[in-house]
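In: next comes the sequence, and after it the predicted model I'd like to discuss.
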Amino acid sequence: MTDAPLDTLARAEPTALKAFAEGLIPHLGDIEVHRSRTALVMLPMRDTAQGTNFHLGEVLVSEAQIERQGTIGYGMVRGHDLERAMAMALVDLALTAGVQTNACSDFIDIQSQALAAADETRLRKVEATRVNMETF
Amino acid sequence: MAYVATRGGEAAIDQSERLFREEMGEITPTRIEEVKAALPYLIDRVMGEASLYDEDLAALALAQTGGELYEAVLLLRAWRTTQPRLSIAKPVEQDGLFTHRRISAAFKDVPGGQTLGPTLDYAHRILATNVLRGETFVPPAVVLADKPAKAHLPSVSAWQAENDLVDLPQPDATDGNDIPDLTREPLLFPSKRAHTLQSLARSETGSALALGYAAMRGYGQAHPTVNEVRLSEAEIVVDHPDGRSFSAGRVKISQAEVVDKKGEKLSLGFTATFGWNEVKCIAGATLDLNAPGAEKGSATEEEFFLYHTEGVESSGFCIHFKLPHYVTFQSSLDAMRDAKAKKAAERVAAKTKHQSEPAE
């Protein structure tokens, strides 16, 4: 199982995420930036024929790690967008540190609903391509 | 092979690069966005062959090379080496895939059914020439189904295993840095299965198709039936420093399983790659299916197809022949002239001998 709020933050709409995180900065006070960089994550997959795990290739990610009074905030998003990773780390830090938690939870709920709606629309399009074959 | 150091030509080299880039024109963020939006399947192909997933970088590589695919892939593979590797994500498993397309040519009633997803398989191949006369092609909208398709489905082979048609593989406990990695160790033969599948994942599409097609046409031992082709998105599951796992986003992947009858069970071949590129996956899976017991030097022999489907190496080797080979060629010419001179001398000697022999 993965952590649902972090899953949502990593795929949240970038402009909305950055704007929301910007508003958290005054509430968080002094923050130390440990890391803000692009890097690669290797993605393995399990083969269905023999069950072997093998590497598909590497994915470009942006990563940010920050700290406030011993509490860590972390963000990792796909692609080259350091601001977005930092925004994710800020929201994560706020949630873990108990700062603006209601606002953070509301933001995550809205984003989660939007992502779920987009997935549902896509899957309704996929369902429209379902074939019910007859053979003769 | 021999090389000779040459001097001169710096100005010509500089101008030739300028000529190439001048013809490409300015590369702007807008161009990158246009390439990305207009050519997603080309972007997918490049990301798969580069073994590096990022649509922006792939679009940039295409724009910078004018669509010269080997150069684009080389640029991406080179750029990749400038980045640190943070971690290895959790292995992608079938029931975790967000499925957009799933078809089987072997069984029409596979559990979960078949969804065609985005495809031109059954479309008329008609060029929209009206666009060239100033009209805009407006694609008709998809009519949404009332309910969504199921996103997560097991593999067709898992269902076959339940029906005793294939042997269910033991799940591989290897993960993280213990998974063999071609980018950090050489490809040796007999190849580790993880290396074989990683090689096929990053293979050059045309080469995989050519060799897979040879196997399909009868130059292999097994005829493939497509058990499953799937286009999907996989989650990149990584760890937060506090230990929580989360998905850092999704990437598009494609995969194919092909089968052949072997004794009382079906034997399976498999290939998957970054991006949506099902031709490569079906061809690669056919090579995987045919590899066991393949004759040395045949198209379906592992060493043969893994070496010859590596696009950066093969294109690099091919184009290196353009580079000065003056010593090699001069030496060939010398040998040729020498042989010619020897033959001429032999002819003269034979003629002289013939003339000096008395008539009987």
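Out: Looks like it arrived, so ask away. Numbers count the residues shown, from 1 in each chain, chains lettered A, B, ... in the order given.

In: now stretch A:77-93: buried residues?
Out: Of the residues in stretch A:77-93, A:77-79, A:81, A:83-93 count as buried by neighbour count, 16 or more other Cβ atoms under 10 Å in any protein chain shown. No exception for glycine: its C-beta is placed from N, CA and C like everyone else's.

In: may I have it as CSV, with CA atoms only?
Out: Listed next in CSV are the C-alpha coordinates belonging to stretch A:77-93 (Å, rounded to 0.1, in the frame of the first residue of the first chain):
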residue,chain,number,x,y,z
VAL,A,77,7.7,14.3,-8.8
ARG,A,78,8.2,13.0,-12.3
GLY,A,79,10.0,15.3,-14.7
HIS,A,80,12.2,18.4,-14.5
ASP,A,81,10.3,20.7,-12.1
LEU,A,82,12.3,21.6,-8.9
GLU,A,83,9.6,24.1,-7.8
ARG,A,84,6.9,21.5,-8.0
ALA,A,85,9.0,19.0,-5.9
MET,A,86,9.7,21.8,-3.4
ALA,A,87,6.0,22.6,-3.2
MET,A,88,5.2,18.9,-2.5
ALA,A,89,7.9,18.9,0.2
LEU,A,90,6.4,22.0,1.8
VAL,A,91,2.9,20.5,2.0
ASP,A,92,4.3,17.2,3.3
LEU,A,93,6.3,19.2,6.0
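
In: and B:Lys150, that's in a strand?
Out: No: secondary structure of B:Lys150 (DSSP: H, G, I helix; E, B strand; the rest coil): coil, not part of a strand.

In: roughly how far apart are it and chain A?
Out: From B:Lys150 over to chain A the distance is 8 Å, taken as Cβ to the nearest Cβ, to the nearest Å.

In: residue contacts, the spatially closest residue to that residue that is not a sequence neighbour?
Out: Distances taken as Cβ to Cβ, 6 or more residues apart in numbering or on different chains put B:Gly112 closest to B:Lys150, at 6.1 Å, once the chain neighbours are dropped. Neighbouring residues of B:Gly112 by Cβ atoms under 8 Å, 6 or more residues apart in numbering or on different chains: B:102, B:150, B:153-154.

In: show me which of those residues is closest to chain A.
Out: Set against chain A, the nearest of these by Cβ to the nearest Cβ is B:Lys150 (7.8 Å).

In: measure the closest one to B:Thr99 for me?
Out: According to Cβ to Cβ, to the nearest Å, B:Lys150 stands 8 Å off from B:Thr99.

In: and the two? which has more neighbours close in?
Out: B:Thr99 (21 against 14; other Cβ atoms under 10 Å in any protein chain shown).

In: hang on, that one packs against B:Pro154?
Out: No: checked against Cβ atoms under 8 Å, the pair B:Thr99 and B:Pro154 is beyond contact range at 10.5 Å.

In: longest helix in the chain, by residue count?
Out: Using chain A. The longest helix of chain A (DSSP state H) is helix A:101-127.

In: you looked at the wrong chain, it should be chain B
Out: The residue-count maximum for a helix in chain B (DSSP H) belongs to helix B:326-356.

In: looking at that one now, give me its mean pLDDT.
Out: Taken as a whole, helix B:326-356 has an average pLDDT of 88.

In: what about A:Thr101, neighbour count?
Out: Around A:Thr101 there are 12 other residues, counting by other Cβ under 10 Å.

In: since we're on B:Lys340, how many residues are nearby?
Out: Quick note: B:Lys340 (other Cβ under 10 Å) scores 10 neighbours.

In: partners of the worst-scoring helix or strand of chain A on mean pLDDT, with directions?
Out: For chain A, the helix or strand with the lowest mean confidence is strand A:130-131, at a mean of 94 (criterion: mean pLDDT, DSSP states H and E). Paired with strand A:130-131 in the same sheet, following DSSP bridges, are strand B:114-115 (antiparallel).

In: whatever helix or strand comes next after the partner strand - contacts with which helices or strands?
Out: Once the chain leaves strand B:114-115, the next helix or strand it forms, by DSSP states H and E, is helix B:156-162. In terms of contacts (3 or more Cβ pairs under 8 Å, 6 or more residues apart in numbering or on different chains; DSSP states H and E), helix B:156-162 is packed against strand B:225-239, strand B:245-262.

In: tabulate those strands (CSV), appending distance to chain A.
Out: Shown next, in CSV, are the helices and strands packed on helix B:156-162 (distance: least, Cβ to the nearest Cβ, whole Å):
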stretch, distance to chain A
strand B:225-239, 6
strand B:245-262, 3
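
In: mean neighbour count and mean pLDDT for these - can I get that in CSV?
Out: Shown next, in CSV, are the helices and strands packed on helix B:156-162 (neighbours: other Cβ atoms under 10 Å in any protein chain shown; pLDDT from 0 to 100):
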stretch, mean neighbour count, mean pLDDT
strand B:225-239, 23, 96
strand B:245-262, 23, 95
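
In: okay, now the domains of chain B?
Out: Taking automatic domain parsing as the reference, chain B has its domains at B:10-80, B:94-138+B:152-309.
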